Structure formats: C-alpha cells, structure tokens
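here's a sequence, model it:
(4 chains)
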2 protein chains.
Amino acid sequence: MESATLDDVASKAGVSAKTVSRVVNGERSVRPQTRERVLRAIEQLGYRPNLLARGLSGAHAYTVGLIYDNPNAYYIIAMQQGALTACDALNFGLQIRTCNSRSPALAEDLRNFVHRSRLSGLVLTTPVSERAASLRKLAAYDIPFVRILSAADDPDDEFPCVYVDDRDAAYAIVSHLLQLGHVRIGFLQGGKHHHASAERLKGYKDALQHYGVPLRKELMIAGDYVFDDGFRGARRLFDLAEPPTAIFGCNDEIAAGALAAAQAAGLHVPYDVSIAGFEDSPFSRHSWPPLTTARQRADVIVERATRMLISRINGNDIENEGFTPELVVRGSTAPPRPKRRQRKRR
Amino acid sequence: MESATLDDVASKAGVSAKTVSRVVNGERSVRPQTRERVLRAIEQLGYRPNLLARGLSGAHAYTVGLIYDNPNAYYIIAMQQGALTACDALNFGLQIRTCNSRSPALAEDLRNFVHRSRLSGLVLTTPVSERAASLRKLAAYDIPFVRILSAADDPDDEFPCVYVDDRDAAYAIVSHLLQLGHVRIGFLQGGKHHHASAERLKGYKDALQHYGVPLRKELMIAGDYVFDDGFRGARRLFDLAEPPTAIFGCNDEIAAGALAAAQAAGLHVPYDVSIAGFEDSPFSRHSWPPLTTARQRADVIVERATRMLISRINGNDIENEGFTPELVVRGSTAPPRPKRRQRKRR
DNA sequence: ACAATTCATGACAGCGCTGACATCACGTTG
DNA sequence: CAACGTGATGTCAGCGCTGTCATGAATTGT
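Prediction:
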C-alpha cells in the first residue's frame, strides 16, 4: 500500500539510493547497464519520487508555476489542463497563480512567488510573457521560464518561447470574409497591452491589402478583450453612415458583444451582418448563431511550453516552437446581402 | 532574503523549535504567555512554515484537494479562487483535480489521489458530493472531507457540508415570472444526477402551487446542464400548440441554449418569451438580452467549505452552513405580451 | 506533607531525497 | 611503470519540520 522509496528501488536493483536518484534525474554518469537495471526496478515497484522530499532536499521544488493575468475562464481552464498533463507525466508539481502584468513590481512579485515556493521555473502566458523589462529581470534573477506569445515579425529569440501565429490566423479569418464578398469589414481590436492585438490587426490589414481593399479608419475601433467593448464598438459601427457588412472581433467575447449589439439593433446575423471571433471558446459555440472563429488549442500549447520548461530545468537545450490557430467556419458568417447602402459605396 | 525557519523563531523567542511548532499548529498545551512571545517572534520574522518540510515530516501534507466533475469553466475558476484564498490564508497547499463522479471506483480513485499526495482532506463539490455510497467509503478510509451540496428537505447531516438552497432560489425566480403575469412557464431541467436539479424542480413546483397555477407536464423537459439541451428543449416548447410565455432554464448554459432557440425561431426575448437562468455566469451577462438569473457565489461558498475542512483537520468541531443564491433581474424577463394564444387558454 | 497526576516544554530521530565529497577501477601518458 | 586523469558509484549530512518520548514544574488528593 505504502509507496516505494528510493531505498526500496536501490536494494531491489542492487545499487545505492544515490544511483537510483541519478537515474531518476537523468544524470549522465550512469552505465547504461546499471540504468537499465534501475529502470526495471522502478517499473516493477511502481516507484514515483516523493515531491515533498525532493523539494525539501534539492535546490528547487520540482514544481513549476503557471502564471496568467487573464479574465477568460475557458482559456485558463484549458491552460491549466495542459500544464497539469505535462507536470503529471514528468513528475513535477504545478502551482497556479494570477498576477498583475501591468504592475511595475511584476518581476519582484514573481520572484517572491518563485522563492517562497522554491519553484523550478515559470510558464508565462500572455500578456505577462510580453513585459520585456520584467522578463530581463527574471532572467537576471536566474529564474528559468518559457513564454507563450504572439509571433512577432522580429522573433525575439532572447528567451525561449512557444509562439502562436496570430497574424496568420487573423489573416485567414479576414480572407474568409473577403472571399464571401465582404468589402466593408469592421475590426474590433483587443487591448493594446497584448501583442496579439497588434498581430491580429496586422493580419487584418494584410488581408485587406492582398485583396486590394482600402483600409478605412472609421471601421477600426479600439477596445479591450471584453464583451462590453464588443457591444459598444459594434454599436458605433452600426451607427456609421455606411456600416460594415461584416465585423471581425479580436476574440470571442468581443464578437459575442458585437453579436448582442447586432441583435439589439434588430439586425439579423449573418444576413444583415457577418460576425467572426477568435479563440473557439464555448461562447462561440453557444451563441446564436454560433460564431465563425479561429481555434486556438490553449491546452496543447501550454502543455508544450510546460514540457519545454521542464526539459530546460533538467539541463537540456530546447527549441522554440510555433502554432497557428485554425479557421473554424460556423453560422455567423455569410455572403453580404446586396442592398442600397452597398451600391452607394464609392 | 532567505525565509525564516522554526529554529530562527525559536531562538528569537527563547524557546525550543518544538514549542514554536505547537503554536503554529494550534496545539493546546502552551502557556498563553509563551504563545504570545512566539507569535510576536513569528510576526517579526515574517515566518511562514515550509509546506514541503511539514508534509515530509508530518502525518499529512498540509494540503487539501479540490475535487470537481463539472464542465463549467466559470464555476471552476470561481471555486478555485475561493479554495486558493482559504489555503493561502491558512498556510495550506491546494491540489486541484477533476474526477468522474459516476465511476463505480470513485471512492478508490479519490483515496489513491489522497494517499499519493498525502492530502490532508478533500473539498467535494457537486455532483461528487452527492455520491452517498462513495462518501461512506471515504469516511471509512478516514479521509476528512467537506461537501458542498444542495440543501435537501431532510438535511443529511451524516457528513459536514456547506449547502446551497437551490429550492429557495428557484422559487424566487419562478415567483418573479409569476408576478410578471406569466402562467405558462416552461421548465428545462438539469441533469438528474445533480441533486440541485431536483431542488430547483421543487422550487418551480412550489412556486406554481403557491400562486395557484396548475402544473403542466408538457412544459417540463428533461435534459442536462448543457447548451444543446437548452436549445433542443426550448425548441420543443416553442413547437407546442400552446407554447409557454416564459422559460426557466436550470442553469445559465441551458438558458443560453433556450435564448438561442428563441432567436433561431424568430422570437423576441423578452417580448415574445421571457427566459431566466441560474448561476450568474458571465453567459448570463454577455448574452443579448442579458439573463435574469440567480447569483451563486461559488468562490465564497468554496472558500467557506475549505476553511471548514482545514478547521476540521486541525481537530476542531465545525458546523454546517447554508447559502441562498440571490435573484438578479436583467433584461430577459418581462411581462407576457397579450396575444391570441393566451386568450385561448382554457 | 508526600505520592500521584497533569501540564508545559524540550531532546532527538527521521520523513525521502539530493548535494558535496570520497572512493575505486580503469585507461592514458611521458 | 609511476603519476594522473576520468567515469561510475557510494557515503553521509542535512533540508525544515513533526511524532514520540523524556523531563521537570505545578497541581491535586488524602
């Protein structure tokens, strides 16, 4: 019933506890044949190292921290799931923490968190992962971390990361709208403090340019990644003399707000106006009509980042990796309805 | 920089480490005067016990597990938040785990989880908290737990719990609809394996009876706590010869489904049909129109439950406690629109 | 007033593991 | 062939805390 200890494995394999420890921690200097024997004993006894003892004894607690500053519950759950999967598989613990990414003391807060729990490293999600100055401080504190962030043109390779190609995904969404025949496409931007916002904006602009559609300032509205800003932004768009026939909301919550605004204004989605989001949150599936969006596998992305981090902690070299969200077409987008307003367009 | 240890506190207070340990753990046999001195030293040094060492040394890991089997991200995040608040305040660790509440091996799974991490106890949320047979096994395994559950008529006081008065809250919602003048009120029930479903049903029935409105079988539709069942259920209601003028969905996701179904059917909410949910999830705020619902403070409830659990682990007696969700009236409910159908009603 | 009991406190081992260092068996090298 | 790496393994202390038991002081009963 009681779980096996290092000593149990050691005597079963006929080696010292320290050697078993070496095998468990993947240290080099163990003869392959010995390693083999130890691994077999571990397998037979179903040995798993005791995190508490490891942490108490070692230089770090064999536990990573998942850091976020994000109000989106679905996103958080998915990220937690991914991190947990990786940690369970690799015998690491997981600590979960919110933070204030705009605090000037961000780096110090994180350092305190790491030191207090003797964390082995951090997985930083957006927008925490984008606070360059704080990251430099963290690195100076010798805290290992892996960040998840939007791919930038100039990939900032200073620190290891998993990047998400927001530009490409936004490009795909806007192209989809353009191909449907939309020309006046509203853009509800997300918070400026997320790099993803700039990337998605770039995808929007690039797609318009590629299809030879001029950019219209009045169709682009700033805001944050929240429902209310989607609602207000869309209302402003509908009030224009020439309102857009399609709206791209920078995430599903913004798009949900736009959807609500459309319905409040008596517009039919998608016949009067098409709406697209970004993220593939349950919102996008559970609205009416369901939202066209870009699927972002936060669980997979974070699992990857967590594995990279642990690998790095174990002293291995790691390589950055990228993901591109995938277009998901649902009922909220359709060809524009020909109508006077559109004909009038110069 | 390094955090203080028991020994630091001990020498500062002029006592042995063991005595400090006694104070920290609230053991009785310490003279008030000594305790005072130790507490002052702890305060001055900012001492916080090391969870790893405590867990390694002691009979349990000073860590509680939060167990859920629930697909609702908002709910989970709120619960985690509450549990974390309590654990941070009381110097306990927190482990978070999903499980399959319908597995016949539920109790064994939980026991393994507890043993593997040497958890001090469990906070069980619905519907895990309702699996009576498994709870008895857990109790037999000597695993302390506190459950969160729907208040039943016959309060099952066998195990400590925090209960939520679902019946009263549902009663309040249906009364609200009745007071608006609705008589044909559809009821979209949640999954049978949640006791809350039965309680909410009871609230529905009680309210109708109190207002002298006969119960109509055809207005009550079974389903689960998911969007799709809300959608399908509402569609069936709209297809009735005499459709309801109001619908009460057993949670916000069901209500969101009903809302989508109404919009898909070209019905205007709330003028053609009123819709109410339960839970006060962001769904209810971010739909159009926003949903009338019952606010359930999952964070507060779970924080309370966690504090109870830790108190119990520390050897104190605890008392059960109750919460009643609070009616929140938003734009999705309004008086029924007088129309032919209603006049025809016999 | 003295043994019997209770209370407050301390000494000490040890939880399971890792870090630092010691050891030993092999080549290598001049 | 002695001196010296180099790689594989072992020894041992100790991380910070709690459980167990020992100790001495205070309190009680007769």
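
burial of the residue of the stretch 201-346 of chain A found nearest DNA strand D, as a residue count?
Of all residues in the stretch 201-346 of chain A, the one sitting closest to DNA strand D is residue A:315 (15.4 Å; Cβ to the nearest atom of the strand). For every residue, glycine as well, the C-beta is placed using N, CA and C. Residue A:315 has 10 neighbours, counted by other Cβ atoms under 10 Å in any protein chain shown.

that one: what secondary structure?
Following DSSP: H, G, I helix; E, B strand; the rest coil, residue A:315 is assigned to coil.

likewise residue A:109?
Using three-state DSSP, the structure places residue A:109 in helix.

what's the closest non-adjacent residue to it?
Distances taken as Cβ to Cβ, 6 or more residues apart in numbering or on different chains place residue A:99 nearest to residue A:109, at 5.9 Å, with adjacent residues excluded.

pretty sure the one you found is touching residue A:69, no?
Yes: here residue A:99 reaches residue A:69: they are 5.4 Å apart, a contact under Cβ atoms under 8 Å.

how far away is residue A:228 from chain B?
9 Å (Cβ to the nearest Cβ, to the nearest Å).

hey, what's in contact with both of residue A:99 and residue A:69?
residue A:128 (Cβ atoms under 8 Å, 6 or more residues apart in numbering or on different chains).

which one's more surrounded, these two?
Neighbours around residue A:99 and residue A:69, counted as other Cβ under 10 Å, are more numerous at residue A:69. The numbers are 20 against 17.

contacts only, for the closest residue to the more buried one other than its chain neighbours.
Counting by Cβ to Cβ, 6+ apart, residue A:69 lies nearest to residue A:101, which is 4.0 Å off, once chain neighbours are set aside. Contacts for residue A:101 (Cβ under 8 Å, 6+ apart) come out as A:69, A:127-128, A:130-131, A:193.

can we see that at 7 Å?
A:69, A:127-128, A:131 (Cβ atoms under 7 Å, 6 or more residues apart in numbering or on different chains).

export those as JSON lines, with columns for secondary structure, distance to DNA strand D and pLDDT.
JSON lines is the format used below for the contacts of residue A:101 (DSSP: H, G, I helix; E, B strand; the rest coil; distance: Cβ to the nearest atom of the strand, whole Å; pLDDT from 0 to 100):
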{"residue": "A:69", "secondary structure": "coil", "distance to DNA strand D": "30", "pLDDT": "92"}
{"residue": "A:127", "secondary structure": "coil", "distance to DNA strand D": "34", "pLDDT": "87"}
{"residue": "A:128", "secondary structure": "helix", "distance to DNA strand D": "29", "pLDDT": "92"}
{"residue": "A:131", "secondary structure": "coil", "distance to DNA strand D": "31", "pLDDT": "90"}
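
who wins for neighbours among those?
Comparing the contacts of residue A:101 by number of neighbours (other Cβ under 10 Å), residue A:128 comes first, having 26 neighbours.

now residue A:337. Nearest residue, chain neighbours left out?
Setting aside the residues directly before and after it, residue A:337 is nearest to residue A:271 in space (Cβ to Cβ, 6+ apart), at 5.4 Å.

distance of that neighbour from residue A:245?
Using Cβ to Cβ, to the nearest Å, residue A:271 is found at 10 Å from residue A:245.

for residue A:195, same thing?
29 Å.

more neighbours, the two?
Shown here are residue A:195 and residue A:245; by other Cβ under 10 Å, residue A:245 has more neighbours (26 against 18).

phi, psi for the residue nearest to residue A:109 please.
When read as degrees, to the nearest 10, the backbone of residue A:99 gives phi -160, psi 170.

now swap in residue A:65 and tell me
When read as degrees, to the nearest 10, the backbone of residue A:65 gives phi -110, psi 140.

list the contacts of it.
Residue A:65 sits next to A:95, A:97, A:113-114, A:119, A:122 when contact means Cβ under 7 Å, 6+ apart.

quick check: the gap between it and residue A:337.
51 Å.

show me what contacts the residue of the stretch 101-250 of chain A found nearest DNA strand C?
Residue nearest to DNA strand C within the stretch 101-250 of chain A (Cβ to the nearest atom of the strand): residue A:120, separated by 10.4 Å. Counting by Cβ under 7 Å, 6+ apart, residue A:120 makes contact with A:60-64, A:313.

what secondary structure does the residue nearest to residue A:69 sit in?
Classified using three-state DSSP, residue A:101 is coil.

ok, now how distant is it from residue A:162?
Distance, residue A:101 to residue A:162, using Cβ to Cβ: 18 Å.

all strands of the stretch 151-300 of chain A, in order?
Along the stretch 151-300 of chain A, counting by DSSP state E, counting those that start in this stretch, strands occupy A:161-164, A:185-188, A:220-221, A:246-249, A:274-276, A:293-295.

which one of the ones you listed is the most hemmed in?
Mean neighbours per residue, mean count of other Cβ atoms under 10 Å in any protein chain shown, is largest over the strands of the stretch 151-300 of chain A for strand A:246-249, with a mean of 32.

send me that strand as CSV with only the CA atoms.
Extracted in CSV, the C-alpha atoms of strand A:246-249 (Å, rounded to 0.1, in the frame of the first residue of the first chain):
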residue,chain,number,x,y,z
ALA,A,246,-19.0,42.1,-41.6
ILE,A,247,-17.3,42.5,-38.2
PHE,A,248,-14.1,40.8,-37.0
GLY,A,249,-13.9,40.8,-33.2
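
and it, how far from the chain's centre?
How far strand A:246-249 lies from its chain's middle: 22 Å, per Cα atoms, centre = their mean, to the nearest Å.

now it: average pLDDT?
Strand A:246-249 shows a mean pLDDT of 98.

do the same with stretch A:281-294
The model assigns stretch A:281-294 a mean pLDDT of 89.

do the same with stretch A:171-190
Averaging pLDDT along stretch A:171-190 gives 97.

got the end-to-end distance for it?
In stretch A:171-190, first residue to last residue: 16 Å (Cα to Cα, to the nearest Å).

that one near chain B at all?
No: using Cβ under 7 Å from any Cβ of the partner chain, we find that stretch A:171-190 stays clear of chain B, coming within 14.5 Å at best.

most neighbours among the contacts of residue A:65, which one?
Within the contacts of residue A:65, residue A:114 tops the neighbour count with 27 neighbours, counted by other Cβ under 10 Å.

any idea how far residue A:66 is from residue A:28?
30 Å.

packing partners for the strand or helix carrying residue A:113?
Using DSSP states H and E, residue A:113 sits in helix A:106-117. Applying 3 or more Cβ pairs under 7 Å, 6 or more residues apart in numbering or on different chains; DSSP states H and E, one finds that helix A:106-117 makes contact with strand A:63-68, helix A:132-140.

pick the most deeply packed of the ones you listed.
Highest mean neighbour count of the helices and strands packed on helix A:106-117: strand A:63-68, a mean of 24 (counted as mean count of other Cβ under 10 Å).

now for the next helix or strand after it, which elements pack on it?
Using DSSP H and E, the helix or strand that follows strand A:63-68 in sequence is helix A:73-89. Applying 3+ Cβ pairs under 7 Å, 6+ apart, one finds that helix A:73-89 contacts strand A:63-68, strand A:93-98, helix A:298-313, helix B:73-89.

quick check: angle from the second one to strand B:93-98?
Spelled out, that is strand A:93-98. Counting by axes from the mean of the first three to the mean of the last three Cα atoms, to 10 degrees, strand A:93-98 lies at 90 degrees to strand B:93-98.

now do the contacts for the most centrally placed residue in chain A.
Per Cα atoms, centre = their mean, the C-alpha nearest to the average position across chain A is that of residue A:298, at 5.0 Å. Going by Cβ under 7 Å, 6+ apart, residue A:298 touches A:75, A:78-79, A:82.

okay, and for chain A, where does confidence drop off?
Applying pLDDT under 70 to chain A picks out residues A:1-2, A:152-157, A:339-346.

kind regards, and thank you for your time.
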